[in-house]
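J.: Next input, structure requested:
(one chain, ligands or ions: 1)
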Amino acid sequence: MIRPIVHYDAPILRAKGKEVGKITSEIESLITDLFDTMRAAHGVGLAAQQIGVALQVAVIDVTGIKERPSKMWIKGNVVNPEEHMPLVLINPVLKPTKTKVTSHEGCLSFPDLTLDIARSQRVAVKTRTREGGTFEFDAGGLLGRAVLHEVDHLNGKLFIDHLSAEDRRAIREDLEYIKRGEPIPRKMAENES
Ligand SMILES: [Zn+2]
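T.: Here you go, the predicted structure:
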């Protein structure tokens, strides 16, 4: 079921997700709804908070995105990320590298806003699976960025939190438009050209 996506600055986006215990039918429905909602919005990732649920569950699918490659390793071996999509993250634990790379990023909770965000180049991930097991992998490129972005959501953190005070001031008006549920005028002008 496609659910409404919660936009900035709804308080639920600041809620830390509770850890998932047993994979109940409610959790299964939540995962299905996350996928349905993410796909309808053409996103590459969606966290439970973004559909109003404060739990440690997020989904990711980078299939078919060639212009921004993803990298993935399992037990140190390079694997094809597409063979492991879509991904469900449940109670994920991350070990990000100190080295960071800056790239543009959007968020379904911030319509029309694209920001340059510095994130770890690579991240080690340990997550529960929907079958109740565990899955460990390393992620880089777009997939690594998506994992870091979604797990931020699970901890009540948003991509704007990574900006410097100065960069944050520069988008203050954009954020006011998003809060009011209005399109950002500057972005519309860019799209028209
Ligand atoms: Zn987001």
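
J.: Spatially central, which residue of this protein would that be?
T.: Nearest to the centroid of the C-alpha atoms of the chain, with distances taken as Cα atoms, centre = their mean, sits E150, at 2.9 Å.

J.: How about it: what's its closest non-neighbour residue?
T.: A58 (4.0 Å; Cβ to Cβ, 6 or more residues apart in numbering). For every residue, glycine as well, the C-beta is placed using N, CA and C.

J.: State the next helix or strand along the chain beyond the helix ranked longest in the chain.
T.: Longest helix in the chain, counting residues (DSSP state H): helix 25-40. Downstream of helix 25-40, the next assigned helix or strand under DSSP states H and E is strand 45-47.

J.: and that next one, how far from the chain's centre?
T.: Relative to its chain's centre, strand 45-47 lies at 4 Å (Cα atoms, centre = their mean, to the nearest Å).

J.: quick one on the thing from earlier: extract the CA atoms of the helix or strand the residue nearest to the centre of the chain falls within and return them as PDB.
T.: Using DSSP H and E, E150 maps to helix 141-154. What follows is helix 141-154 as a C-alpha-only set of coordinates in PDB (Å, rounded to 0.1, in the frame of the first residue of the first chain):
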ATOM      1  CA  GLY A 141      29.100   4.800  -4.400                       C
ATOM      2  CA  LEU A 142      25.400   5.500  -4.500                       C
ATOM      3  CA  LEU A 143      24.500   2.400  -2.500                       C
ATOM      4  CA  GLY A 144      26.900   3.500   0.400                       C
ATOM      5  CA  ARG A 145      25.400   7.000   0.300                       C
ATOM      6  CA  ALA A 146      21.800   5.600   0.300                       C
ATOM      7  CA  VAL A 147      22.600   3.300   3.300                       C
ATOM      8  CA  LEU A 148      24.100   6.200   5.300                       C
ATOM      9  CA  HIS A 149      21.200   8.500   4.400                       C
ATOM     10  CA  GLU A 150      18.500   6.000   5.400                       C
ATOM     11  CA  VAL A 151      20.200   4.900   8.600                       C
ATOM     12  CA  ASP A 152      20.500   8.600   9.500                       C
ATOM     13  CA  HIS A 153      16.600   8.700   9.200                       C
ATOM     14  CA  LEU A 154      16.300   5.700  11.500                       C
END
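
J.: Tell me which stretches of the protein form strands.
T.: 45-47, 57-60, 70-74, 77-79, 87-96, 100-105, 115-120, 122-128, 134-140 (DSSP state E).

J.: and of those, who's closest to D174?
T.: Of all the strands of the chain, strand 115-120 sits nearest to D174, with 9.5 Å by Cβ to Cβ.

J.: Provide the strand pairings for the closest one, with the direction of each partner.
T.: Strands adjacent to strand 115-120 in the sheet, as given by DSSP bridges, are strand 100-105 (antiparallel).

J.: Thanks again, I'm all set now.
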